[in-house]
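Engineer: one predicted model, sequence on top.
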Amino acid sequence: MAAAGKLERLWIDAQEWGLTRLDRIAARRGHASTLPPHLATGLLGERAALFELRRRSYIIVAHRWTSARLRGDVDLIAWHGDRLCFIEVKTRTARDLTPAESAVDEDKRRMLRSLARAYLRAFPERERPTIPIRFDVISVYAVGGAMEFDLFPDAFGLR
């Protein structure tokens, strides 16, 4: 699938810029986040990943999706072409020896698979087998004020 067109990319950039400005205004007015720094970094990475994936023609349908019956959440769920993608975002403030995507261990994969099955239960039963799915991982590195992305489509399978 082709990347977003020039006008669409400008629109996505404008939306991202606007949200960043609103965050700065809120911080100046004393409405800064009370989250611990590692959680705030994670949320910033998720937002940056959302806009980056939109630039890459993903259609985001859910953000931080949870199930009442299962632990955890799926950072992003999106359509990319005809595939429904369950996306895990890993954010780091430095490029260390261990890449961010290595944090998606077998326990995390098992949890994401369970959540994906729960999400798919919202579709009519006869349609579920026809929906192609994949699991993507995107590593976000907030280095020197800039965001860098490493995308791993189809990082692991359903089984």
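Structural biologist: Perfect, I can see it now.

Engineer: pLDDT score for residue 33?
Structural biologist: The model reports residue 33 with a pLDDT of 68.

Engineer: check which helices and strands whichever strand or helix holds residue 117 is in contact with.
Structural biologist: Using DSSP states H and E, residue 117 maps to helix 106-120. The helices and strands touching helix 106-120, judged by 3 or more CB pairs under 8 Å, 6 or more residues apart in numbering; DSSP states H and E, are strand 59-66, strand 73-80, strand 83-92, strand 133-143. Backbone N, C-alpha and C define where each C-beta goes, glycine included.

Engineer: put the alpha carbons of the second one into CSV.
Structural biologist: Output in CSV follows, covering the C-alpha atoms of strand 73-80 (Å, rounded to 0.1, in the frame of the first residue of the first chain):
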residue,chain,number,x,y,z
ASP,A,73,-4.0,-3.6,26.2
VAL,A,74,-3.3,-3.4,22.5
ASP,A,75,-1.5,-0.1,21.8
LEU,A,76,-3.0,0.4,18.4
ILE,A,77,-5.3,-1.6,16.1
ALA,A,78,-5.3,-0.6,12.4
TRP,A,79,-6.2,-1.7,8.9
HIS,A,80,-3.3,-1.8,6.5
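
Engineer: residues of it that come out buried?
Structural biologist: Buried residues in strand 73-80, defined by neighbour count with 16 or more other CB atoms under 10 Å: 73, 74, 75, 76, 77, 78, 80.

Engineer: the closest residue in space to residue 118 that isn't next to it in sequence: how many residues sit nearby?
Structural biologist: Excluding the flanking residues, the one nearest residue 118 by CB to CB, 6 or more residues apart in numbering is residue 67, at 4.3 Å. Look at residue 67: counted by other CB atoms under 10 Å, it has 15 neighbours.
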